[in-house]
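Asks: one predicted model, sequence on top.
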Amino acid sequence: MSVRPRWRARRELWRFAMPAMKTFSIKLRFLLAAIVAASGLSACIRLANRDGAAPGAPNSAEVKPIPPPEGRLAPVARYGQLSVKGAQLVDAKGDPVVLRGQAFGWDNWWPQYYNASVVQWLRDDWCVDAVRPAMGIEPGGAYLSSPDASKRRMTAVVDAAIAAGVYVIIDWHAHKLHEKEAVEFFSEMAERYGKQPHVIYEIYNEPEKDETWPQVKAYATAVIAAIRRHDPDNLVIVGSPEWDQRIDLVQADPLQGQVNVMYSVHFYAATHKQWLRDRVQAAVSAGIPVFVSESSGAEASGAGPNNFEEWKAWTDFMEKNRISYLDYSVSDKAGETISVLQPGASSSGGWSEAQLTESGRYWRALLRSHCQ
């Protein structure tokens, strides 16, 4: 048996090995692409840790550039008067629309952010379609004890949103039934703003476990009647028991004889997972119009780490079902994951990346990824 020169043996080995190596390389590229796709990474929002950034917090190079404000059509100018058709929010032309935005923290605890400069910054830099000023009701310094101050803070944001051309959700941020006070308040708001297509009324933030759906229905019927005396067509959002998670009770027994009414669902992604998405999907499939007026990536307590996998599962789910959604909240509470601002962040907007929390950087990037 002859022995080939060593160089020729190596060349023959290389000739046979090359096709296998190419096949392996191609398979490896496909495998990596599949991993990237499955993890939902994009150039805009990274869930990996890069350059020392916390997971889920994109650095400035990864945030989508957006057109200058003067080069964009304001959301209300784009969509006009909103209404409800079946389970879908639609614009003035009857086309489905998804609003994306940012909720404020309780006005009695973070009053410094209830001003026109913050609203304008959220519109110009975050590209919000909607904002949601959360007027606290029960705590000290909130509406029940200081109604005039509360209304001043609320109307400052509503007026600013109208001037900026974004939708604004007037949020009665209560956890208990206060029908008499709510009827008076929403009657006043509807009389003042009923001709503005910007305005949406959220009449009961989060009923808790001790409020039944029949009780919430009776309350909603009374408050909606007060609104409709002044405003026949702007959107009304109604909550459900157990912090707006019992959309199944709504599905079984929705309000009757009402127009342009939607039902709120609130989620915190580290707590509320597939079981709540399944519940929402069943309701939407049954024709119940859902609006996610409050959400975030951490636990329902507002603490704990963000669960970015579940948070993305929620945003994908809402986009697929054409459900409008807002993040919570514009606040700077130290140690609170869901606050979008670092303690002491500017009270007039203009926030640098360093003034945003991990949640704030993530949500700003997401909103800018949808900017028109």
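Replies: Yep, that arrived. Residues are numbered from 1 along each chain as shown.
Asks: residue contacts, the nearest residue to Val238 once chain neighbours are set aside?
Replies: Distances taken as CB to CB, 6 or more residues apart in numbering place Ala220 nearest to Val238, at 4.7 Å, with adjacent residues excluded. To be clear about C-beta, it is placed using only N, CA and C from the backbone, and glycine gets the same treatment. By CB atoms under 8 Å, 6 or more residues apart in numbering, Ala220 lies in contact with Ile203, Tyr204, Val238, Leu255.
Asks: where does Ala220 sit, in terms of helix or strand?
Replies: helix 213-228 (DSSP states H and E).
Asks: give me the mean pLDDT for the helix or strand following that helix.
Replies: Next along the chain after helix 213-228, taking DSSP H and E as the criterion, comes strand 236-238. In this model, strand 236-238 has an average pLDDT of 99.
Asks: by contact count, what packs against the helix or strand containing Asp171?
Replies: Taking DSSP H and E as the criterion, Asp171 maps to strand 167-173. Applying 3 or more CB pairs under 8 Å, 6 or more residues apart in numbering; DSSP states H and E, we find strand 167-173 packed against strand 100-106, strand 130-136, helix 147-164, helix 179-193, strand 199-202.
Asks: now those as CSV including mean neighbour count?
Replies: Below are those laid out as CSV (neighbours: other CB atoms under 10 Å):
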stretch, mean neighbour count
strand 100-106, 25
strand 130-136, 27
helix 147-164, 19
helix 179-193, 18
strand 199-202, 24
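Asks: any idea which of these gets closest to Ser301?
Replies: strand 100-106 (14.6 Å; CB to CB).
Asks: how about the next helix or strand after that closest one: buried residues?
Replies: Once the chain leaves strand 100-106, the next helix or strand it forms, by DSSP H and E, is helix 116-124. Across helix 116-124, burial judged by 16 or more other CB atoms under 10 Å covers Ala116, Val118, Val119, Gln120, Trp121, Leu122, Arg123, Asp124.
Asks: how about these in CSV, adding distance to Ser295 and pLDDT?
Replies: CSV is the format used below for the buried residues of helix 116-124 (distance: CB to CB, whole Å; pLDDT from 0 to 100):
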residue, distance to Ser295, pLDDT
Ala116, 25, 98
Val118, 20, 99
Val119, 20, 99
Gln120, 23, 98
Trp121, 21, 98
Leu122, 16, 98
Arg123, 20, 98
Asp124, 23, 98
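Asks: before we move on, back to that, mind exporting the C-alpha coordinates of the strand holding Asp171 to CSV?
Replies: C-alpha atoms of strand 167-173 as CSV (Å, rounded to 0.1, in the frame of the first residue of the first chain):
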residue,chain,number,x,y,z
TYR,A,167,-55.7,61.6,23.6
VAL,A,168,-56.2,61.9,27.3
ILE,A,169,-57.8,59.5,29.7
ILE,A,170,-59.4,61.2,32.7
ASP,A,171,-58.7,58.5,35.3
TRP,A,172,-60.8,58.3,38.5
HIS,A,173,-58.1,56.5,40.3
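Asks: got a list of what the closest residue to Glu179 other than its chain neighbours touches?
Replies: In this structure, Glu179 finds its nearest non-sequential neighbour in Tyr219, 5.2 Å apart by CB to CB, 6+ apart. Residues near Tyr219 by CB under 8 Å, 6+ apart: Leu177, Glu179, Ala182, Ile203, Tyr204.
Asks: and with 10 Å instead?
Replies: Taking CB atoms under 10 Å, 6 or more residues apart in numbering, we find Tyr219 in contact with Leu177, His178, Glu179, Ala182, Val183, Ile203, Tyr204, Pro207, Glu211, Val238, Gly239.
Asks: the first one: neighbour count?
Replies: When neighbours are defined as other CB atoms under 10 Å, Leu177 has 17 of them.
Asks: contacting residues around Val90?
Replies: Neighbours of Val90 in contact, by CB under 10 Å, 6+ apart: Tyr79, Gln81, Leu82, Ser83, Val84, Pro96, Val97, Arg322.
Asks: secondary structure, neighbour count and pLDDT for the residues you listed - can I get that in TSV?
Replies: Output for the contacts of Val90, formatted as TSV (DSSP: H, G, I helix; E, B strand; the rest coil; neighbours: other CB atoms under 10 Å; pLDDT from 0 to 100):
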residue	secondary structure	neighbour count	pLDDT
Tyr79	helix	20	98
Gln81	coil	16	98
Leu82	coil	23	98
Ser83	strand	16	98
Val84	strand	17	98
Pro96	strand	12	98
Val97	coil	19	98
Arg322	coil	15	98
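Asks: perfect, that will be all.
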